[in-house]
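Novice: Based on what follows, work out the 3D shape:
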Amino acid sequence: MFIVMLFMAAAFMIQLALGYFQIRNFTKTYIELRRKGKVAIGRRPGKFRAGTIVLFAVNNKGDILDAKKMQGVTVFAKFKKLKGFENKNILSINDNDLNNFNKLVRIAVKDAIHNYKVIMNGGEIPEKLSVYRRIITKAESLLMAKK
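Specialist: Residues are numbered from 1 along each chain as shown. Coordinates of the predicted model:
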């Protein structure tokens, strides 16, 4: 039993360390793009499939100056250049522009466009609930419905 607990603790510490490096990569990339202009962030969280994050550096007119994506299942995923969006206006991106990308990237790009529109119109992006919080909320609503 002690060996299993020791193994679990070691796995947790390794996961924590690797997660730290991934967050550090995100921060470095965000700062790099932020120096160029505003940054539109889109995400498609992965549950059992690869998660995807896209970052667009955008000038005041909405023109994309640079684009990066992080896609992967593990904490080893790093940001890479996302080609095909340079010099396009973020508001003019349509489904034809997204045909060359996989479904997860398309969803993340659409999320970035949506987030950009909301923020530029003075709105706020609502916080997305975690899986755990969604389960609790669903259970609470079921309990309230029974009363």
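
Novice: ranges for the strands of the protein?
Specialist: For the chain, the strands defined by DSSP state E occupy 38-44, 51-58, 64-72, 79-81.

Novice: Same list (these) but as TSV, adding mean neighbour count, distance to residue 112 and mean pLDDT.
Specialist: Heads up, the C-betas are built off the backbone N, CA and C, glycines and all. Conversion of these to TSV gives the following (neighbours: other CB atoms under 10 Å; distance: least, CB to CB, whole Å; pLDDT from 0 to 100):
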stretch	mean neighbour count	distance to residue 112	mean pLDDT
strand 38-44	20	3	93
strand 51-58	24	5	93
strand 64-72	20	9	92
strand 79-81	14	14	93
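
Novice: Quick one: closest of those to residue 103.
Specialist: Checking those against residue 103 by CB to CB gives strand 38-44 as the closest, at 8.5 Å.

Novice: and the angle for that closest one with strand 51-58?
Specialist: 160 degrees (axes from the mean of the first three to the mean of the last three CA atoms, to 10 degrees).

Novice: Okay, now the sheet partners of strand 38-44, with direction.
Specialist: strand 51-58 (antiparallel) (DSSP bridges).

Novice: Contacts for the strand it pairs with next, please.
Specialist: Residues from elsewhere that reach strand 51-58, judged by CB atoms under 8 Å, 6 or more residues apart in numbering: 26, 29-30, 33-34, 36-46, 64-73, 77, 79, 82, 85, 90, 104-105, 107-109, 111-112, 116.

Novice: where does this structure dip in pLDDT?
Specialist: In the predicted model, the chain carries pLDDT under 70 at residues 47, 147.

Novice: Mind naming the longest helix for the chain?
Specialist: The longest helix of the chain (DSSP state H) is helix 2-34.

Novice: Check which residues of that helix are buried.
Specialist: Under the neighbour-count criterion of 16 or more other CB atoms under 10 Å, helix 2-34 has 22, 26, 29-30, 33 buried.

Novice: how far is that helix from where the chain is centred?
Specialist: A distance of 17 Å separates the centroid of the chain from that of helix 2-34, by CA atoms, centre = their mean, to the nearest Å.
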